[in-house]
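Asks: Starting from these lines, generate the structure:
(chains A and B)
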Amino acid sequence: MLPADCSRRLVAELRDALDACAERQRQLERSLRVSRRLLRTWEPAETPAPQPTPASETSGEAPSPESTPSPQDLKELELLTQALEKAVRVRKGISKTGERHKALSLKSGSAATSATTASAPSRASGQASCRVSETKPPRGIQQTVVPARGLPECRLLSVGDRTRMGRGSRATKPGPGPRDQQIPPSAALQAPEAFTLKEKGADVDCWLPQPLWKPCSGLEGGSPQSAASLSTGFPDRILLRLPMAYRKAASRNSRLWAQLSSTQTSDSVDAAATAKTQFLQKMQMTSGGPGSGLSAAAVEAEVGLLRTACSLLRRRMEEVLSADPADCMQEYRCLLTLEGLQAITEQCLHRLQELRAAVVGQQLGPWPVGRRPGASLPCGGGTDPIWSPQLLLYSSTQELQTLEALRLRVAMLDQQIHLEKVLMAELLPLVGTQRPHWLALCRAVHSLLCEGGERFLTVLRDEPAD
Amino acid sequence: MPAHWTEETALKGRGHRSLGRRWRRVSARSVIGRGPSRDGTGAVIGRWDPAAAARNPRKVSASCMGRRRRRVDRGAAVGALPEAIAALSRTLPAGPSPEIFRRAKFDRPEAAPALWQLLFRVLSPLSANGASAPAAQEAQVRVVKSELHSQGYPRRALAQLPEDGSQGSRELLLALAWLLARGPLLERLLAQTRVRLGDEIPLCECEALARPGPPVPRVEADGPVDIRHLQWLMGKLRFQWRKLITSQQEQCALLGKIHSYTRGCHSDRSLGHLSVAETELLRDAEGGQQLLRSLESENVRLEAALHWRRQELVFWLWMDTVLGTCPPEASQPTFVPRIPERGAGEWELVARELQALREELRGAAEPRRAAWEARVGGWGPEWSAVQRASREAVGLELAALQRAWERGGAAAQPHGPCRLVKSDAGASGGPGLRAAQVIEVLRSREACLEAVLCQLQRQCRQELARLVGALPGLIWILPPGR
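Replies: The predicted model follows:
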């Protein structure tokens, strides 16, 4: 058994570590739930959708009988959507979702062109769209939900001729399935959940209340137009646009953050800064007492800095010690570096003593609770508030997984090192003194400290043979 | 009439004016009728009369203040103060009205509860704000006091305020101004509660550390525990990490899918696809409305912060007068020195490390110096110039090293959360970090940390070998190494 105070400290440290881990797990579970729920509508593993009538638009899940389409397919599907959209508009003269909502990048415009021109000449609607799409100004890659009212006249493209798609099931999806009202006999619109073409014609700016949408991933930026032929599958995904209100709010938000974080100096700002310093000084003077200028939080921050300093110094020392000096010059420099490091270490120790004296002598009171000591922060540790986040670009899921795994591993190692130091400080002295069950204690301490608690050594009593 | 009195009248008038039609009738009554209005803005304000104010205390609701954007005559500096304070309170969580501020200057007791609550919201950790139920008044008071004390608040009068939160509004006002003056408090608060629109990944752990989770009610282990309990806790920790890593891998896979599916849907071309929050916004109407609402309220707060920044000078001038109305403090400190174990332990660890490092450096440097002196003894003057150059170079290096931790080294490392964006591998030259770079940095850091851990374990092994080796009659069979 360990002594009481030692036990308390160690158990507290380990429980801290467990709590931190549990907190991460909780947050992760939350995100996982959300992501899983979102993906369920894209990839339900079960039966195909029931007929999506207009009545059922507002309810029910939008199933997708097959799994992830390839990006290629999705791009082509999206192009097809555009073609059909345009056709509907042309037919019905619906101007509301006209050009101001339609935006195509130049690439996709050309893709649409080449795609539609390469397709069978029977695709009159496709060609109509292709002409129009050429003239569309590139305005980003937003697509809108296509109003579906005018569908009966739309020449629907056939699905069966292209076999490029790897998804056999989709290619052979029977046309009439979901498209109850609007399928002309000549062609079958493949999309089972092809609310693509039957969405409300009215406001496209508003929310889509029903979960039947499926966003489409298209427009792989640089991918060559080798697949410049419309694929078989029809979009069971459409492109959606974020609501206008949200977009406005988001852009305003980022603009305001940029303004707030820009540190412009102007007269008023400078004057305010001087006024603030004066106020602080006045406050210090009127507070009746010299004041040390050191608060408990500041002391803690400095101790943290010194911890970082120690690890940096040690790393530097190991670099120097492991380097083989090639000539006199380098040897001399190594020597100087080591001596310099020694001097800095002395300074740090001195500073630490000062801090200790400040805490004790000036009665700074208890350390703030709730802050986790431990991990040495490579960055300043919360010096600056965090403005709008910058972007981190990743190219594949594996890369993202590697990144996250490494990040967690670094955090875990940080924690392990901290625990190792704490355990060393507490347990090694115990081994030094004789206690009951000393052998068992040694064995346990060895496993905890030297093997991370994973392996145990064996102790044999070497009895002299009688 | 002293300048600050006109400011108070303006504050008072601001309260009435901004309340709109409902209060205009009342404000007519508030004219004491001693003379024309002083501030030239044409507001219905009379001379401020403490007796009259005490007779009809008027409650000003903070919500009305928040929604009004009545323009005060900008030319009049006096009118700028209530506007500045209104902007400040719009930015703060649970910000009280300018009327409360005015009353606090005169240490009115009715202003105290609102200010206690404000300081509590500002000072308490983020997680406490939304998660737990609003704490009792005494608990709030205690938290505010301890937090201010730990940050080094110089005035002792605060610590002596009663715990029922009924007094001390002027002291609280000074405390708030002190917090505002010391650092970017508003920006920090806003950043803490920032609406996260993208899928973010923190690159460094400073946010995770600065924001501790909700305090877990923990039964402290009294009394001695067996070391097997510690082993069990370590094993549990290891298992939790493994679970965490696998969950994280799953989350990455799901994120990757969502990002590819929503490619092309975002209006911002540099992003190119939706994040989880945005996707959910599209999928779920009410949730989306909520996101939109929080986004808009954050915009309101940001605008108020910018407004405040433009006009805060007036506030600081006024705070000088507030400080002037306080009686000077002359009392002796009456604190009991108390160093709790946790903090002392941290200090001990660092001290021990530094001492060990110093010993190692000494052990490495002294022999080298001796050897060097022996070699160099008879070398000529040209060598001394070279020596000087080397000294300078090494001095510069070490100075840079020192700066690395003194200034925090924040510039060197990628800092803060990053929004994940899936883009093609060929995309280069755009803004933002590349995952490959970050992976490299993390790998090197991992290698570093592993080396440190191995070294610590080696040290332990040696130490233990030394401690137990003295005993004869035992054979220690080490476990098979990795």
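Asks: who's in contact with the nearest residue to A:Arg455 once chain neighbours are set aside?
Replies: With sequence-adjacent residues excluded and distances taken as Cβ to Cβ, 6 or more residues apart in numbering or on different chains, A:Arg455 is closest to B:Pro479, at 3.8 Å. All C-beta atoms are positioned from the backbone trio N, CA, C, and that covers glycine. For B:Pro479, the contacting residues are A:447, A:451, A:455-458, by Cβ atoms under 8 Å, 6 or more residues apart in numbering or on different chains.
Asks: now do 10 Å
Replies: If you count contacts by Cβ atoms under 10 Å, 6 or more residues apart in numbering or on different chains, B:Pro479 has them with A:446-447, A:450-451, A:454-458.
Asks: Sort out which of these are buried, if you could.
Replies: With neighbours counted by 16 or more other Cβ atoms under 10 Å in any protein chain shown, these contain buried members at A:446-447, A:450-451, A:456.
Asks: Where do the strands of chain B begin and end?
Replies: In chain B, the strands defined using DSSP state E lie at B:200-202, B:417-422, B:433-434, B:474-477.
Asks: Ok, chain A next?
Replies: A:390-394, A:458-461.
Asks: in chain B, what secondary structure element scores lowest on mean pLDDT?
Replies: One helix or strand of chain B scores below all others by mean pLDDT, DSSP states H and E: helix B:21-30, with a mean of 42.
Asks: now do chain A
Replies: helix A:168-171 (a mean of 40).
Asks: Can you report phi and psi for the residue in the stretch 151-300 of chain B that chain A sits nearest to?
Replies: As assessed by Cβ to the nearest Cβ, chain A sits closest to B:Gly152 within the stretch 151-300 of chain B, at 2.4 Å. B:Gly152 adopts backbone torsions of phi 100, psi 30, taken as degrees, to the nearest 10.
Asks: Isn't it up against A:Glu300?
Replies: No. With contacts counted by Cβ atoms under 10 Å, B:Gly152 stays clear of A:Glu300, the gap being 11.3 Å.
Asks: okay, now the nearest residue to A:Ser295 once chain neighbours are set aside: neighbour count?
Replies: Nearest residue to A:Ser295, sequence neighbours excluded (Cβ to Cβ, 6+ apart): B:Gly152, at 2.4 Å. The number of residues packed near B:Gly152 is 19, by other Cβ atoms under 10 Å in any protein chain shown.
Asks: now do A:Thr286
Replies: 17.
Asks: Next, the contact list for it, please.
Replies: A:Thr286 makes contacts with B:154-155, B:174, B:323-324, B:326-330, as judged by Cβ under 10 Å, 6+ apart.
Asks: Highest neighbour count among those residues?
Replies: B:Leu174 (26 neighbours).
Asks: Quick check: the residue nearest to A:Ser295 vs B:Trp405, distance?
Replies: From B:Gly152 over to B:Trp405 the distance is 22 Å, taken as Cβ to Cβ, to the nearest Å.
Asks: just A:Lys75 next, same as before
Replies: A:Lys75 is 50 Å from B:Trp405, by Cβ to Cβ.
Asks: swap in B:Glu163?
Replies: Noted for B:Glu163: a distance of 40 Å to B:Trp405, by Cβ to Cβ.
Asks: A:Arg37 too?
Replies: Going from A:Arg37 to B:Trp405 by Cβ to Cβ gives 44 Å.
Asks: Between those two, tell me which one has more neighbours.
Replies: Per other Cβ under 10 Å, whichever of A:Arg37 and B:Trp405 has more neighbours is B:Trp405, with 23 against 13.
Asks: in the stretch 101-250 of chain B, what spans have low per-residue confidence?
Replies: Scanning the stretch 101-250 of chain B for pLDDT under 70 picks out the ranges B:125-135, B:205-221.
Asks: And the helices in it?
Replies: B:112-123, B:126-130, B:137-151, B:169-182, B:185-192, B:206-210, B:227-261 (DSSP state H, counting those that start in this stretch).
Asks: list the helices and strands the last one packs on?
Replies: So that's helix B:227-261. Counting contacts by 3 or more Cβ pairs under 10 Å, 6 or more residues apart in numbering or on different chains; DSSP states H and E, helix B:227-261 packs against helix A:4-42, helix A:71-92, strand A:390-394, helix A:397-432, helix A:438-450, helix B:276-283, strand B:417-422.
Asks: Try it again at 6 Å.
Replies: helix A:4-42, helix A:397-432 (3 or more Cβ pairs under 6 Å, 6 or more residues apart in numbering or on different chains; DSSP states H and E).
Asks: so for the longest one, what's the average pLDDT?
Replies: Taken as a whole, helix A:4-42 has a mean pLDDT of 89.
Asks: Same question for the last one.
Replies: Mean pLDDT, taken over the full extent of helix A:397-432, equals 91.
Asks: End to end on stretch B:92-101, go ahead and measure it.
Replies: 13 Å (Cα to Cα, to the nearest Å).
Asks: and A:Val431, what does it touch?
Replies: A:442, A:445, B:467 (Cβ atoms under 6 Å, 6 or more residues apart in numbering or on different chains).
Asks: can you check B:Val141 too?
Replies: So B:Val141 contacts B:163, B:165 (Cβ under 6 Å, 6+ apart).
Asks: Which members of the contacts of A:Val431 are classed as buried?
Replies: Taking 16+ other Cβ under 10 Å as the criterion, what is buried in the contacts of A:Val431 is A:442, A:445, B:467.
Asks: from the contacts of B:Pro479, which is closest to B:Gln251?
Replies: Distance to B:Gln251 across these (Cβ to Cβ) is lowest for A:Glu454, with 26.8 Å.
Asks: Tell me how far the closest one lies from B:Leu467.
Replies: Distance of A:Glu454 to B:Leu467, computed by Cβ to Cβ: 21 Å.
Asks: Please tell me how far A:Arg307 sits from B:Gln231.
Replies: 27 Å.
Asks: That should have said A:Leu341, apologies.
Replies: 37 Å.
Asks: more neighbours, the two?
Replies: Counting neighbours by other Cβ under 10 Å for A:Leu341 and for B:Gln231 shows that A:Leu341 has the greater number, 25 against 15.
Asks: Filter the contacts of A:Thr286 down to just the ones in helices.
Replies: B:174, B:323-324 (DSSP state H).
Asks: can I get those residues in TSV with distance to A:Arg24?
Replies: Shown next, in TSV, are the ones in helices among the contacts of A:Thr286 (distance: Cβ to Cβ, whole Å):
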residue	distance to A:Arg24
B:Leu174	39
B:Leu323	45
B:Gly324	50
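Asks: Nearest to A:Leu14 among those residues?
Replies: Relative to A:Leu14, the closest of the ones in helices among the contacts of A:Thr286 is B:Leu174; by Cβ to Cβ it sits at 42.2 Å.
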